[in-house]
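only geometry, no sequence info:
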């Protein structure tokens, strides 16, 4: 069993609840879709690898204003400047939050890696996403992000 566009509905519901608790508002979700090739990333990317009975990875990518808004929402701060360290921490936390939520869709033991954070736009990113990955567009406070989830169950079928 792999992750598919129907499975992403569990992620959408849980993310909306987490987001509401963190920031007091909810994001808007676009239609999920399957993606079969390399990903084009935005300014900041967080990647969390998954291992155990289900494996793969979760990737989030967004521009700086999205992350600045998240930092302000979580810290309940106004329009002040947000430092680079806070932005990098936030993209890692965002990826970790999505990974935890996505893993809840599996009745398996899954281990999460420490988030890998990329600042800037590399020529290409090839995370260990099973193909196809499911992509979920998110819009929040006028800014956009993409969540990519690729998980496959590695538990042998019994019988």
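Here it is on my side, so go on. The structure presented is a predicted model; accordingly, all values stated were derived computationally and were not measured. Numbers count the residues shown, from 1 in each chain.

What lies in contact with the biggest helix by length in the chain?
Ranked by residue count, the top helix of the chain under DSSP state H comes out as helix 84-103. Residues from elsewhere that reach helix 84-103 (C-beta atoms under 8 Å, 6 or more residues apart in numbering): 3, 10-11, 14-15, 18, 44-48, 50, 54, 57-60, 62, 64, 67-68, 70-71, 74, 110, 112, 115, 117, 119, 145, 147, 149, 151. Placement of C-beta: from N, CA and C, glycine included.

and those, which are buried?
3, 11, 14-15, 44-48, 50, 54, 57-60, 62, 64, 67-68, 70-71, 110, 112, 115, 117, 145, 147, 149, 151 (16 or more other C-beta atoms under 10 Å).

now, which of the residues you listed lie within strands?
Using DSSP state E, the subset of those located in strands is 44-48, 50, 54, 57-60, 62, 110, 112, 117, 145, 147, 149, 151.

Spatially nearest residue to residue 118 (excluding sequence neighbours)?
residue 45 (4.3 Å; C-beta to C-beta, 6 or more residues apart in numbering).

Test of understanding: give the bridge partners of that neighbour.
residue 61, residue 118 (DSSP bridges).

Who are the contact partners of it?
Contacts of residue 45 (C-beta under 8 Å, 6+ apart): 59, 60, 61, 91, 117, 118, 125.

Could you tell me how many residues sit around the third one?
Number of residues near residue 61 (other C-beta atoms under 10 Å) recorded here: 26.

what does the last one give?
The number of residues packed near residue 125 is 17, by other C-beta under 10 Å.

Roughly how far does it sit from residue 38?
7 Å (C-beta to C-beta, to the nearest Å).

same question, the fourth one
Spatial separation of residue 91 from residue 38 under the definition C-beta to C-beta is 19 Å.
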